[in-house]
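S.K.: Pasting the sequence and the predicted model now:
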Amino acid sequence: MNLQEYHLGSDIPQLCGAISPGKHCPLFGVCSVLRYVDHVSVIYLGTNDCVYFAQKQYLTTSIDHPSQARVIAAQLTDSDLVFGIGKQLKKLIQEEYEENHPTAIYVVTSCSIEVISEDIEGVTKLLNKQMSCKVKLIKTENFKTLSYYRGIELTLEALVDGVQPLPKKEKSFAILGARFAGAEACEPVKILVENGYMIQSNMPFQCTEQDIQTISQVEFTIVVDGTGIETAQRLKKEFDIDYFLFDCKFDTEKITKTYQDLSAKTGIPLEDFIKKHMDEIEKKKTEAKEKLTGKTFFYSNIVLYPFEGVKFMTELGMVPQCIFIGTAIDREDRYLEQLKKICNPEVIANANSASVISKLEEYHPDYFMGGTINAQELISRNVIQSGFPVMPIQCGFQYITQAINKLLGM
């Protein structure tokens, strides 16, 4: 399939037939969020493979942020799948609370529950009314989505469910969508802190159940990743909390507008700041065009919105040949439609290394954007490996400058 045949949300051709557990599954999105929430328990219900990989996520938590949630891997037996698990689950939840007294218990179901149609929702709703702690269900239905982003969104939704209105705390804000370290020091957050604003919580990377329950106090939220948008919209609807989107990394027009809106909300003067950075970005783009115009590339950077990233590279004069679509899917089609007017690369679902190498042999690109292929494989084919900044969380004008520097090898 080529880009001009593709419509947002349509099926993407598979380059390989291999199936293995991975970050395509919403379950892994749930794991990436809940492992950082303090004083909660998480019960994973699923087959051996599902609960193993869920538990493994907690064992591999980064050193700079040790795991704080307690995880229970409840592997389903053949008998469970046939006769049901309602009574056993109810007992497990009650025992978990009696023994460890978490502030909340989250029950996470894999697609095996989807198949047997067990009424887990009924069990959790009942216990949520009867018990002293919050009991919430997060359903990850891998048969209906291939995006682990969806798991993150569902988890954030479960975290804020039941939050009550509280008096606003002056000059406070929350960060939404931070799945990695660093959001507390990203460009817009740094500006706010330097002007006397206080971070109420950093969801989901660093928060407690208490932070979550008091999020209705904040004046506004800063969304640093697309996974935080739905939660921001919900907080706006329920508590009239304004939100400012910094999920798009390369759209200078959108970033400028967001900063202008933030300035209007806070009274912080940002006109000179915007002009200074826009001038710097234009200078950097001119420098990049001199080196990159006409260079071909494969795009496999799965963390960012893919079509936004590819469009940015075409603005630097580069020519896309293959776009590998993974877990990050654009939320709107404006970048896609803009790309269709200027290029028509092949669009393929994320593939294993051997399959990607076969495409390298076919196209012979100058650049490979992403980290999914062994560097030696690329070097042997005279392909330059590059990528945009991913960790720690970064956004705003500074991100664009850093991205261009990476492309230029600086």
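M.R.: All right, it came through fine.

S.K.: Contacts for the host helix or strand of V356 next, please.
M.R.: Element membership of V356, judged by DSSP states H and E, is helix 353-363. Outside helix 353-363, the residues within contact range by C-beta atoms under 8 Å, 6 or more residues apart in numbering are 15-16, 296, 298, 300, 321-322, 324, 346, 348, 368, 372-374, 377-378, 381, 383. Where you see a C-beta, it was placed from the backbone N, CA and C, and this is true even at glycine.

S.K.: Can I get the buried part of those residues as one ChimeraX selection?
M.R.: Selection of the buried residues among these in ChimeraX, burial being defined by 16 or more other C-beta atoms under 10 Å:
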select :15,296,298,300,321,322,324,346,348,368,372,373,377,378,383
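
S.K.: So which of the contacts of helix 353-363 belong to helices?
M.R.: Among the contacts of helix 353-363, the members found in helices (DSSP state H) are 377-378.

S.K.: Quick one: find the helix or strand in the protein with the lowest mean pLDDT.
M.R.: Sorting the helices and strands of the chain by mean pLDDT, DSSP states H and E puts helix 48-59 at the bottom, at a mean of 73.

S.K.: Output the contacting helices and strands for it.
M.R.: Judged by 3 or more C-beta pairs under 8 Å, 6 or more residues apart in numbering; DSSP states H and E, helix 48-59 is in contact with helix 26-34, strand 40-46, strand 70-75.

S.K.: Buried deepest among those, which one?
M.R.: Sort the helices and strands packed on helix 48-59 by mean neighbour count, taking mean count of other C-beta atoms under 10 Å, and helix 26-34 sits at the top with a mean of 27.

S.K.: What mean pLDDT does it get?
M.R.: Helix 26-34 shows a mean pLDDT of 81.

S.K.: Assign a three-state SS to L304, would you?
M.R.: Under the three-state scheme (DSSP: H, G, I helix; E, B strand; the rest coil), L304 adopts coil.

S.K.: hang on, it packs against C248?
M.R.: No: between L304 and C248 there is no contact under C-beta atoms under 8 Å: 9.1 Å.

S.K.: just to revisit the earlier point, quick one: the least confident helix or strand of the chain to chain centroid distance?
M.R.: Taking C-alpha atoms, centre = their mean, to the nearest Å, one finds helix 48-59 lying 19 Å from the centre of the chain it belongs to.

S.K.: Just want the angle from it to strand 70-75.
M.R.: Here the directions of helix 48-59 and strand 70-75 differ by 170 degrees (axes from the mean of the first three to the mean of the last three C-alpha atoms, to 10 degrees).
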